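Participant: predicted model and sequence below, questions to follow.
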Amino acid sequence: MFNATHDALTGLPDRVLFLGRLQSVVDRMKRHPHEAAAVLFIDIDDFKVVNDCYGHAIGDVLIKEVSNRLRACMRSDGTIARMGGDEFTVLVEDIADPSDAIRVAERIQASFERPFLLEGLEIFKSTSIGVAMTSPVTSAEAVLQNADIAMYRAKDQGKACSELFDRTMHEQVMNRLLLEAKLRYALQNEELTLHYQPIVAVDTGAVQGFEALLRWQPSESNSIPPSTFVPVAEQCGLIVPISAWVLKTACLEAASWRQRYPADPPLYVGINISSKHFSHAGFIGHVKDALEQSAVDPQCITIELTESLAMNDVAATGQTMSQLRTLGVKLSIDDFGTGYSSLSYLRRFPVDTLKIDQSFVKTMDAENYAIVKTIVGLARNLDLKVVAEGVETPNQHRLLALAGCGSAQGFLFAEPMPANSVGVFIESNRRNSGQTEQKGLARSTAGL
Ligand code: C2E
Ligand code: MG
Ligand code: MG
């Protein structure tokens, strides 16, 4: 009987036994509602790294050691269980309020400050802990799920900490799941579209290309901005099919511009790629498919990667970038200046363009002007192009010209527009460009 309800590796109760004990606590609370108890959901941070680096045998020793430390932290009557993998739970009974449960979590975390000695290896590990209070009206399963949600919140907060579950957390999770379901529907029912925002030459105002930007207009509600739904798509994996669709659609659009609005160099399209898609095994295949199906000149495609993505896993990033370069597409670093690029990597990666983040352009005080000018100088020395983002005022435009910035994008020139407005924009831009130059961009620093 013991073996059937206990984990073989640690000898701790398993999930079923734990849930049974938790349910009896919940049932008891129905008769004695003033009693309080809590569940701690404990997950070892980055446990996978131990398995990957030292092998599963060492991983198993760590799990056993963790179970011993948990036992040492608990009074004899607390139930500790192993849920599976690197997840443990603790049932803390007879407490006065949540602060008692938090104190137990802190005790557990403090016990992880000492290193683990695993067959001669000294390894430091931390844990993330979610805490949920029991209540007479919440089933054992639901309490466990609440503690699990709080544990994920602790991971999001940067790991090695505890979080107490509250109702808003539950609401946020439910809202996210709802948005995820709606997004799945949106992808299948063509509720997603691309808008295109012009990128122009700073000196003449002539359009050089467009950035493709996702738009979502659900049939029964207001439009939802990419800053809301892209992170959800990234979390649930939907970003991969969405982003493959973006690649295909934007490449087809760029191929049609080539025919309808020939230019030298041809108009290009900038396509944002999230790190989840960039590091996905199918990514290069998706780019190839989009290029082949559209028959677009790969030189007209610029992949925009955010700066922090590029620096995440330098070796893998460099390899994928080189594959893209072999396909003939160009690369730009988006939101440049907000991440943590090592300048030497900028030289090593096959990058073509830096996009100066709009935060530097928005408030062009003396300090930000100096930053913009420095980025432009850096780009010139490395033979890279520069696009300033978020240009909204003629003064910002003038200062960008003064700093020697080659290209710009922003509401001053045009907001993102649907594909069927691009033609009208190009034609009017061709009639008007050059006028900016003729009017003359004032060459003084007055107004900084
Ligand atoms: P981003 O790539 O930096 O795109 C520029 C954002 O700045 C766009 O916001 C654009 O509408 C906005 N913008 C352009 N000019 C101005 C201006 O003058 N003033 C201000 N205040 N904003 C301006 P949007 O379209 O809301 O997109 C936000 C972010 O969502 C993008 O930032 C990008 O990171 C992401 N995103 C958009 N489309 C895609 C996509 O197809 N795939 C992925 N992975 N991410 C996307
Ligand atoms: Mg971008
Ligand atoms: Mg940007």
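Facilitator: Done, it's in. Ligands and ions are numbered 1, 2, ... in the order given.

Participant: ranges for the helices of the stretch 51-200 of the chain?
Facilitator: 56-73, 98-111, 140-156, 167-188 (DSSP state H, counting those that start in this stretch).

Participant: pick the most buried one from these.
Facilitator: helix 140-156 (a mean of 20; mean count of other Cβ atoms under 10 Å). Backbone N, C-alpha and C define where each C-beta goes, glycine included.

Participant: tell me the angle that helix makes with helix 98-111.
Facilitator: Between helix 140-156 and helix 98-111, the angle comes out at 50 degrees (axes from the mean of the first three to the mean of the last three Cα atoms, to 10 degrees).

Participant: and helix 140-156, what does it pack onto?
Facilitator: Helix 140-156 sits against helix 15-31, strand 38-44, strand 127-133, strand 162-164, helix 167-188, with contacts defined as 3 or more Cβ pairs under 8 Å, 6 or more residues apart in numbering; DSSP states H and E.

Participant: partner strands of the shortest one, parallel or antiparallel?
Facilitator: Next to strand 162-164 in the sheet, as set by DSSP bridges, lie strand 127-133 (parallel).

Participant: and the second one, by the same measure?
Facilitator: Each strand paired with strand 38-44, and its direction, by DSSP bridges: strand 87-92 (antiparallel), strand 127-133 (antiparallel).

Participant: just the residues contacting the shortest one, thanks.
Facilitator: Strand 87-92 is touched from outside by 12, 18, 21-22, 25, 37-43, 66-67, 70, 74, 78-83, 100-101, 104, 108, 144, 147, with contacts defined as Cβ atoms under 8 Å, 6 or more residues apart in numbering.

Participant: flag every buried residue along it.
Facilitator: 87-92 (16 or more other Cβ atoms under 10 Å).

Participant: tell me the angle that strand makes with helix 56-73.
Facilitator: 10 degrees.

Participant: what is the burial count for Ile375?
Facilitator: 22 (other Cβ atoms under 10 Å).

Participant: just the pLDDT for it.
Facilitator: We have a pLDDT of 94 for Ile375.

Participant: who's in contact with it?
Facilitator: 336-337, 354, 356, 360, 386.

Participant: cutoff 7 Å now
Facilitator: Counting by Cβ atoms under 7 Å, 6 or more residues apart in numbering, Ile375 makes contact with 336-337, 354, 356, 386.

Participant: quick one, phi psi at it?
Facilitator: phi -60, psi -40 (degrees, to the nearest 10).

Participant: from Lys155, how far off is the residue in the stretch 1-150 of the chain that ligand 3 sits nearest to?
Facilitator: Distances between the stretch 1-150 of the chain and ligand 3 by Cβ to the ion are smallest at Asp46, namely 30.0 Å. Note on Asp46: its distance to Lys155, by Cβ to Cβ, to the nearest Å, is 10 Å.

Participant: with Thr306 instead?
Facilitator: 21 Å.

Participant: and Pro98, by the same measure?
Facilitator: 20 Å.

Participant: correct me if wrong: Asp45 contacts Ala160.
Facilitator: Yes - in this structure Asp45 lies within contact range of Ala160 using Cβ atoms under 7 Å: 6.1 Å.

Participant: overlap in contacts, these two.
Facilitator: The contact lists of Asp45 and Ala160 share 126, 128, where a contact means Cβ under 7 Å, 6+ apart.

Participant: number of nearby residues for whichever residue of the stretch 1-150 of the chain sits closest to ligand 2?
Facilitator: Here the stretch 1-150 of the chain gets closest to ligand 2 at one residue, Asp46, 30.3 Å apart by Cβ to the ion. For Asp46, the count of nearby residues is 12 (other Cβ under 10 Å).

Participant: can you report phi and psi for it?
Facilitator: According to degrees, to the nearest 10, Asp46 has phi 50, psi 40.

Participant: and the pLDDT at it?
Facilitator: Value for Asp46, per-residue pLDDT: 92.

Participant: check Gly337 too.
Facilitator: 87.

Participant: how near is it to Leu346?
Facilitator: Distance from Gly337 to Leu346, by Cβ to Cβ: 12 Å.

Participant: same question for Ala316.
Facilitator: 17 Å.

Participant: compare the two and say which is more crowded by neighbours.
Facilitator: Comparing Ala316 with Leu346 by other Cβ under 10 Å, the one with more neighbours is Leu346, at 19 against 11.

Participant: how about the nearest residue to Arg21 once chain neighbours are set aside: which residues does it bridge to?
Facilitator: Computed as Cβ to Cβ, 6 or more residues apart in numbering, the closest residue to Arg21 that is not its neighbour in sequence is Thr79, at 5.2 Å. Thr79 has the following beta-bridge partners by DSSP bridges: Leu91.

Participant: wait, what's in contact with Thr79?
Facilitator: With Cβ under 7 Å, 6+ apart, Thr79 has these contacts: 13, 18, 21, 91.

Participant: if we can go back for a sec, of the contacts of Ile375, closest to ligand 2?
Facilitator: So of the contacts of Ile375, ranked by how close each gets to ligand 2 (Cβ to the ion), first place is Phe336, at 10.5 Å.

Participant: that closest one: neighbour count?
Facilitator: 27.
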